[in-house]
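>>> Just to be clear, the model below is a prediction. Sequence and coordinates:
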Amino acid sequence: MFFKYEEAIIYLVFGVLTTLVNIVVFYLMDTVLGVQYLIANAVAIVLSILFAFFTNKKYVFKSTSENVQSWLKEFILFCGFRAVSGVFDMLSMWILVDFISFDTNIAKIATQFIVVVLNYFFSKFFVFKK
């Protein structure tokens, strides 16, 4: 049973870790250091994308690159699709904080539920496809 769902379970584990990287970096920059929330969010997104690429490639989708060109193709595709979910993240944060008056940290957590689903779909079907 585990092996049937192994990829999804491992993705969930690293998805949680990636989300934690994203939220913790955002919290430290926004709340602790007082960096403007959209800048803090952009930095958190970039760092979590880098963390996610390496963990997804190695542990989740077990992708091996035969050469630099194939590694670079995966990296560019991964970053490109994560940029799409990053735009959703940024727009959601802006709407939730500036127009609906959510606390920045609550808004950040709320956006992550949809971002995780989008990212799994993009990685599974477009980036690390078998």
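Yep, that arrived.

>>> which element is the residue nearest to Ala42 when sequence neighbours are not counted on?
Spatially, and ignoring its direct neighbours in sequence, Ala42 is nearest to Met90 (6.9 Å; Cβ to Cβ, 6 or more residues apart in numbering). From N, CA and C alone the C-beta is placed, and that goes for glycine too. Secondary structure from DSSP states H and E places Met90 in helix 68-94.

>>> now Ser101
Short version, using DSSP H and E: Ser101 is in no helix or strand.

>>> tally of neighbours for it?
Residues near Ser101, counting by other Cβ atoms under 10 Å, number 8.

>>> Use 426 as the first number for this chain going forward.
All right, first residue 426 from here; so that's Ser526.

>>> For Ser548, see how far away it is.
33 Å (Cβ to Cβ, to the nearest Å).

>>> And for Ile434?
15 Å.

>>> got it, and Ser488?
10 Å.

>>> of those two, who's got more company?
Taking neighbours as other Cβ under 10 Å, Ser488 and Ser548 compare with Ser548 leading, 25 against 17.

>>> mind listing what that one touches?
436, 481, 485-486, 503, 506 (Cβ atoms under 8 Å, 6 or more residues apart in numbering).

>>> And for Leu463?
By Cβ under 8 Å, 6+ apart, the neighbours of Leu463 are 515, 518-519.

>>> in the helix or strand hosting it, what's buried?
Element membership for Leu463, per DSSP H and E: helix 462-480. Buried residues in helix 462-480, counted by 16 or more other Cβ atoms under 10 Å: 462, 465-478, 480.

>>> what inclination does it have with respect to helix 493-519?
If you take axes from the mean of the first three to the mean of the last three Cα atoms, to 10 degrees, helix 462-480 sits at 150 degrees to helix 493-519.

>>> Helix, strand, or coil at Thr443?
helix (DSSP: H, G, I helix; E, B strand; the rest coil).

>>> List the residues that contact it.
473, 476-477, 480, 544.

>>> for Ala465, same thing?
Residues in contact with Ala465 (Cβ under 8 Å, 6+ apart) are 450-451, 454-455, 458.
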